[in-house]
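Test case, fold it:
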Amino acid sequence: VCGVCVCAVGAGTRPSVKNLRVGRLKMAMAGDVSGPAAAAAAIDEDIVRVVDQQLSASDRADGAGDSATLALLGNVTAQLKGRLASLQAKLASSPGSVVQGNQASAQDTAEQLRSTVGDIKGRLRRHTRQSIAPQTVSMAVQAATKAHSREQVAAYLTWARVILECSQRCEEQCQAGGSNTAAAEACARLSDVAAALRGSCCSHLSAMARRQSAHWNDRLTAHLKRDFQALALALGWGKPTGAPTSGTQQDEERFAGLLTELLRFHSEFGILPVELLAEPLCKRFKFHFLQESKLNRLDRPEWCYTFVLELLDESEPFLKRRVQPALESAGLGDAKAVLWQCLLAELRGKVEADMLQVSEDLERFAHAIEALLQFEDALRRHALSGASAILTGNTLLLGRWLELETADVHDKMGWVLEAGDALCAGVSLPASALSSPPEVPLAVTQTLLLVDGKADLFRLVPEPGLWPLFVNKLQLPALRKLVIELDATAREHLWNLSSPLRLGQLCVLVNGLHHLAETLGAWQQTDALYVADAGAGAGMAGVSGVAGGVLPPPGGLFDEVIGECVRVQASLLDTVVAGLARLFSHGLEPYAERDWRLAARPSGMGGTAGGVLEVSSGLGHGAQAAAQFCACLAQQLHPALVGRSSGLWDRLAGVLADVWFEDVLWPASVNVHGAAQLRYDACHALLPCLSHALYGASHSAADPLARVTEACTLLNLEKGEWARLHGLLQMEGLELDQLASLRKLGVTLLSPGSAWRVLNCRSDLAAELQPPEVA
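Below you'll find the model as predicted:
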């Protein structure tokens, strides 16, 4: 650290340091090496008094006092520079003995200066009220006698003049009619000087430059803010659209000029013009809603939201016309978004405090939540968001909200499920595009409306990370409970499907499960889009996502419930299939119990060989019952469940064919006339009735009922063909030959084993193959 620079500092952060440094400089000026007496006389009482006065003024007014003190220091330091130059010339021109004498004289001067320090310290004590460290005084005295400090004094003077000139320029330009640009440039110059001197041998001047820069920067900023806001108010800022204004064309031009200057020096001032415009609006908001007033009411939270929306509406034309083009040119974003952030900062504290105050009052808290979310929805008109972050960003409020909504869903689910016949009574599927919409349980439609209504509220919150929490806490428990109740209802009350009423109720339950799974699948896709959109817009208007970025879509949140719906639906369809099998088997009992070893009918009874012309008695009841059952399914089940691609009809056809084989054919012992009767019954009565009920006009040869036709074909083979095929089917290792032989006969659905079993039902032909009994 240079000695003269240290003692020449004129501006510090503490009065004691400042006064001390001025005192050191005055002592250094008295350092005439001609003798102790002359050095002591050089300490002028008048100069000490002037320094005291300047330091007192500096203590009272930091900005102006520093400038005056700096001027004085520049003057006395110039004198010091001359004294040191004279000393150096004198020492250089003297012979060695004289030099030694001069050095001794300099030592005496140093001693005299040291004794004079006590007097100056006493004079300055009333200002500093602090003691001066002895080592600091010693450094000052030693520095005064060093000839090589001349260059450092020159450097000090250069920087001091720069600071003084910049300060004077700022003072001149901050007066009325001055140039804001010139003042800002001078402030910037002071900041550069402070940065340049930091850490150098003149680092004590850095504090002075920094203080001067801050002082004039504050004055300039206040000047610009005052003029900018006054012009904005004159031009109609903060007034309703269409209200008269007092602004002139000159005011328009001055406003545009100030806006340009504010944007140009945005980095130095650290403020945006829109923030200045927001100040009077925020003051209006505070006046009405952050103190006791007629508008600040806990039971009317929507009033403050309406007030903010009106402010945004009123300010939009002004911003769009006068501010937004300049901000776009400067690359500083949307003016309305900045204004909204300023208003949001004021709004946040009020909303949080009010909500916490009414959090124990369920009705008021629910009303406050609803008003906030409706406000969030209204903000989207302005392409803004972030009001809901007041709720989601507060752990206590968010937890209380979820707790409230969960309790509400639980209570309403209890009302839905306890209503009479809500699980079995069918209502037409709402908003269906089908010509005759199927019926679903009333409980299903009401539950979906309930949880979807809650989802509409949560979709107003642009926080993608909140959605999985909502689904897991509110929606999934209600949906799981509904599926469990539907399954329990079917098991307890609908086991007997002989009644059309019971079958219709079961169809309603199946439809409800299908509709529930279908709706949840659609929700899952919609929710994925919602989360993606919310995450993409999380940065809009200052909104940040919960996880700090775009979260992945919540795929699979409903997969568990959808899988449970599919499982219970499949179980109920199994019940349907089993019910049809029991119904058909019961209807075939009289027909299946007859003896199929029939005698030949008289030829006079008909015109065909054997005289088999009529359908057997007892067959029609079973066929008609099965057909009515299938018709009821086709009419009451959801079209997606009874379409050709659903596989339900093939499954029912297979079960009906199985019942015919198990109940009619396998127990029977058939002769040639019985085989003909079976084929006539199947082809003219049973199969046409069932095929029409199951498939309508779309019956094909590949339908499972075609197995009955193939069995009848095998039963009616001629004796020789029957014996050949029977022998072939008995052989092992000839499966390909067996299948080929069956295909030649038109048998494609029956396996070789089943075909061999059908052939054995011809008891008359099978008996001929048995070896004769041994006597």
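
same for the one helix or strand residue 221 maps to, what does it pack against?
Using DSSP states H and E, residue 221 falls within helix 203-234. Other helices and strands packing on helix 203-234, by 3 or more Cβ pairs under 8 Å, 6 or more residues apart in numbering; DSSP states H and E, are helix 62-93, helix 150-173, helix 180-197, helix 249-264, helix 266-269, helix 273-289. All C-beta atoms are positioned from the backbone trio N, CA, C, and that covers glycine.

tilt between that helix and helix 180-197?
Interaxial angle of helix 203-234 relative to helix 180-197 (axes from the mean of the first three to the mean of the last three Cα atoms, to 10 degrees): 160 degrees.

got the buried residues for helix 203-234?
For helix 203-234, the neighbour count (16 or more other Cβ atoms under 10 Å) marks 204-217, 219-221, 223-225, 227-229, 231-234 as buried.

repeat for stretch 234-249
234, 235, 236, 237, 238, 247.

would TSV of those residues with pLDDT be doable?
Supplementary listing: the buried residues of stretch 234-249 in TSV, determined by pLDDT from 0 to 100:
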residue	pLDDT
234	86
235	86
236	85
237	88
238	79
247	74
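
quick one: which two of those residues are the most distant?
238 and 247 (12.7 Å; Cβ to Cβ).

Please identify the next secondary structure element, helix or strand, after the helix or strand harbouring residue 371.
Take DSSP H and E as the rule and residue 371 turns out to sit in helix 362-379. Using DSSP H and E, the helix or strand that follows helix 362-379 in sequence is helix 389-392.

and that next one, what's its mean pLDDT?
Mean pLDDT, computed over helix 389-392, is 88.

elements contacting that helix?
Using 3+ Cβ pairs under 8 Å, 6+ apart as the test, helix 389-392 ends up in contact with helix 335-358, helix 362-379, helix 395-418.

could I get those as a markdown table with distance to residue 721 and mean neighbour count?
Below are those laid out as a markdown table (distance: least, Cβ to Cβ, whole Å; neighbours: other Cβ atoms under 10 Å):
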| stretch | distance to residue 721 | mean neighbour count |
| --- | --- | --- |
| helix 335-358 | 90 | 18 |
| helix 362-379 | 80 | 18 |
| helix 395-418 | 64 | 15 |
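
Which one of these lies nearest to residue 323?
Per Cβ to Cβ, nearest to residue 323 of those: helix 335-358, 4.6 Å.

name the helices or strands packed onto the closest one?
By 3+ Cβ pairs under 8 Å, 6+ apart, helix 335-358 packs against helix 273-289, helix 302-318, helix 324-330, helix 362-379, helix 389-392, helix 395-418.

buried set for the biggest helix by length in the chain?
Ranked by residue count and defined by DSSP state H, the top helix of the chain is helix 500-536. For helix 500-536, burial by neighbour count (16+ other Cβ under 10 Å) applies to 502-517, 519-520, 523-524, 527-528, 530-531, 534-535.

for stretch 389-396, same thing?
Buried residues in stretch 389-396 (16+ other Cβ under 10 Å): 389, 390, 391, 392, 394.

can you check stretch 304-312 too?
Going by neighbour count (16+ other Cβ under 10 Å), the buried part of stretch 304-312 is 304, 305, 307, 308, 309, 311, 312.

my read: the fourth one touches residue 347, true?
Yes. Residue 308 sits in contact with residue 347 when judged by Cβ atoms under 8 Å, with a separation of 6.3 Å.
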